[in-house]
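# Next one to model:
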Amino acid sequence: MFKRAIQFPSAPHSFFLWGPRMSGKTTVLRQCFGDAIWYDLLESDTYLRLLSSPHLLREELLAQVKRGHATGTVVLDEVQKIPALLDEIHWLMGHTRLRFVLCGSSARKLRRGHANLLGGRALRAELLPLASAEVPELDLVRALNNGLLPAHYLSEEPQEHLRAYVRDYLQEEIAAEALIRTLPAFARFLEIAALGDTECLSFTSIARDCGVSAPTVKAYYQILEDTLLGSCVPAFRLRPKRRVIETPKWYFLDAAVAGHLARRGHVVPGSELFGKAFESFVCHELRTYAAYSRKHFDIAYWRTAGGVEVDFVLGTHTVAIEVKAVPQARAEHARSLVSIADEYSFKRRLLVTLDTAPRLLESGIEVLPWREFCLRLWAGEVI
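Next comes the predicted model:
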C-alpha cells in the first residue's frame, strides 16, 4: 500500500478528483472518506437506477439530511458516466451543506455533453501516477519499464498489464465514448505519438504518417490530454535574444505506457531510449509536485533555432534543469545550461543525472543525482 502525497481541498469545499485510469482514485478516496455517503457508478444497479431517474440522488440525499447528515460528505465515483447528476448536485449545493467529492477519469464527456460543471462551486484536484515521494526506495529501472501506475509498478508481468491497459483505454475511454470515427487510425496515431514522446510536436508530419489530416491529429492530442494520458510542455519564450523554437513538446503521463505503445521493449541504462524515459520520469516528478504542493508553477522548455535545448524551465526564469542519463556528468553535459545563462538570469541551474553524489561545477551549475533531486524537490528546496 502506497501513502499518496496528494492533499485534498479542506472541508467544507466540494471538489472534482480527476485522474488517469488505474491511478488509484477510488482507493485513496476510500481511505480518506470511508465514512462518506457513497455512490459508485461502476455498480450496475446504482448506475441504471440513477441513469433512468437522476432526481433520486436529490431525494435520497435530502432524506439523509433530514436524518441528521446535514454537513456530511458525499462521494460519487465515475461521475462522468451520468452527466445529468451534476444538475441535481448543483441544486443540493445551493440548498444543503453537503460536501461533494466527484471522481472520474475524464471531464471530456461532461464538457462534450455541455454538462453542468457547477460554475466554479467545486474545486479541482488530480491524482497522478506514483511519484518518488510515495514509493520507498524507488527502483528507477523498474519505474521506467513497469510504469508508475500502482498495479503496474508492483507487477511481475508488466507487459501484460500494459497491454490490457491500452486495450481497455481504447475500448472503454475511446470507442465506447464514440470520441473518434475510426479506431484503427487512432490506434496508429497512439503508436506514432509514443515514438515522439519527449519531442516537439509536428501535427503535419504525424498526420502524414497516420493518413489523417493535421486538424484530426490536433484533435487526437486533445483527447489524450482530456483523458489524462499525457500533456504538452510549452516553449519558454520570455523576451528571447535569439530565435527560439515555439512548438510545444509532448510527454505521455507514464513512460512505460509510452514505451509499450512505441513497442520499445525493455529499456536499460546507457541506451538512448533509457534517456528518453528518464527525461519523462523527471517531467512527471515536476508536474506531480507542482499539482500536489499547489504551487502550480509553470513548466516549460527552451530551445534555440540552432538546436541548443534545456529540458525544463520552472517559473518565470527561476530554475533551469537539464536531464542526462549518464553515470558521471561532465562539463559538456551542461553546455545548454551555460548557454541559457547568456539569455536569462536564473536562481539555480541543475543537471539531473545518474551520478552517485551531488557536485558543483565551476560554472555554478549543480549536478544532482536523480534520487537527491527528487528528495529536494519534494522537500520544497528546488522551487
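# Domain ranges for the protein, per the record?
Following automatic domain parsing, the chain resolves into domains at 14-126, 132-378.
# Least confident of these, on average?
Mean pLDDT is lowest for domain 14-126 out of the domains of the chain, coming in at a mean of 88.
# and the domains of the chain as TSV, adding mean neighbour count?
Glycine gets a C-beta too; all of them are placed from N, C-alpha and C. What follows is the domains of the chain, written out as TSV (neighbours: other Cβ atoms under 10 Å):
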stretch	mean neighbour count
domain 14-126	17
domain 132-378	18
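# Would you mind saying which of those lies nearest residue 5?
domain 132-378 (5.0 Å; Cβ to Cβ).
# Am I right that residue 170 is in contact with residue 187?
Yes: the criterion here is Cβ atoms under 8 Å, and residue 170 meets it with residue 187 at 6.3 Å.
# returning to that earlier point: export the domains of the chain as JSON lines, with columns for distance to residue 4.
Formatted as JSON lines, the domains of the chain follow (distance: least, Cβ to Cβ, whole Å):
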{"stretch": "domain 14-126", "distance to residue 4": "5"}
{"stretch": "domain 132-378", "distance to residue 4": "6"}
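# For residue 2, which of those is the nearest?
domain 132-378 (4.9 Å).
# Are we agreed that residue 357 is in a helix?
No: counting by DSSP: H, G, I helix; E, B strand; the rest coil, residue 357 is not part of a helix but coil.
# ok, it touching residue 369?
Yes: between residue 357 and residue 369 there is a contact under Cβ under 8 Å: 6.7 Å.
# joint contacts of the two?
Counting by Cβ atoms under 8 Å, 6 or more residues apart in numbering, residue 357 and residue 369 have no contacts in common.
# Ends of stretch 133-140, what's the gap?
Length of stretch 133-140, first residue to last, Cα to Cα, to the nearest Å: 13 Å.
# whoops, stretch 199-206 was the one
End residues of stretch 199-206 are separated by 12 Å (Cα to Cα).
# From the chain's centroid, how far away is that stretch?
Relative to the centre of its chain, stretch 199-206 is centred 21 Å away, using Cα atoms, centre = their mean, to the nearest Å.
# who's in contact with it?
189, 192-193, 196, 214-215, 217-218, 221, 232, 245, 247-250, 303.
# one more time with 10 Å
189, 192-193, 195-196, 208-209, 212-221, 232-233, 235, 245-251, 276, 301, 303, 309 (Cβ atoms under 10 Å, 6 or more residues apart in numbering).
# Among those residues, which ones are in strands?
232, 233, 249, 250, 251, 301, 303, 309 (DSSP state E).
# Just put those residues in JSON lines and tack on distance to residue 282.
JSON lines is the format used below for the ones in strands among the contacts of stretch 199-206 (distance: Cβ to Cβ, whole Å):
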{"residue": "232", "distance to residue 282": "16"}
{"residue": "233", "distance to residue 282": "11"}
{"residue": "249", "distance to residue 282": "13"}
{"residue": "250", "distance to residue 282": "15"}
{"residue": "251", "distance to residue 282": "10"}
{"residue": "301", "distance to residue 282": "12"}
{"residue": "303", "distance to residue 282": "17"}
{"residue": "309", "distance to residue 282": "14"}
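# Just name the closest of those to residue 56, please.
residue 232 (40.7 Å).
# State the pair within the ones in strands among the contacts of stretch 199-206 that is farthest apart.
Farthest-apart pair in the ones in strands among the contacts of stretch 199-206 is 232 and 309; separation 15.7 Å (Cβ to Cβ).
# backbone phi and psi for residue 123, please?
Main-chain dihedrals, residue 123, degrees, to the nearest 10: phi -80, psi 180.
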